[in-house]
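Colleague: Give the three-dimensional model of this entry:
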Amino acid sequence: MSAETDGQGRLYIPKEVREKYGQKYHIVMYEDRIELIPVADDPLAAVREAASELHDASVEEIREDIEAEAKDEAEEAGGNR
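Modeller: So this is what the prediction gives:
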């Protein structure tokens, strides 16, 4: 998919993209490209949804999960040598 800006620099985002990703975007500039990153209408709700699995977990459960994941990653890295 491609798009062009108009004379004032406005970019038309197709309806199907807006319906899927929303109306607001962060513009991220790189040396060779730009990216549009969707911004949630309610950023706090988006964070809560992303962290929902941690909502009922105790600090100890979270710590155990982190330690187990770190151990697994270390074992995988050790096996790749």
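Colleague: Okay, and L36 sits in which element?
Modeller: Element membership for L36, per DSSP states H and E: strand 34-38.
Colleague: so how far is whichever helix or strand comes after that strand from its chain's centroid?
Modeller: Once the chain leaves strand 34-38, the next helix or strand it forms, by DSSP H and E, is helix 43-50. Here helix 43-50 is found 11 Å from its chain centre; the criterion is CA atoms, centre = their mean, to the nearest Å.
Colleague: again with stretch 64-81
Modeller: Distance, centroid of stretch 64-81 to centroid of chain: 24 Å (CA atoms, centre = their mean).
Colleague: if we can go back for a sec, in the strand holding L36, what counts as buried?
Modeller: Within strand 34-38, no residue counts as buried by 16 or more other CB atoms under 10 Å. The way it works is simple: take the backbone N, C-alpha and C, and place the C-beta from them, glycine included.
Colleague: Use 2 as the first number for this chain going forward.
Modeller: Got it, the first residue is 2 from now on, which makes the last one we talked about strand 35-39.
Colleague: Summarise which helices and strands it is packed against.
Modeller: With contacts defined as 3 or more CB pairs under 8 Å, 6 or more residues apart in numbering; DSSP states H and E, the secondary structure elements packing on strand 35-39 are strand 26-30.
Colleague: Cheers, nothing more for now.
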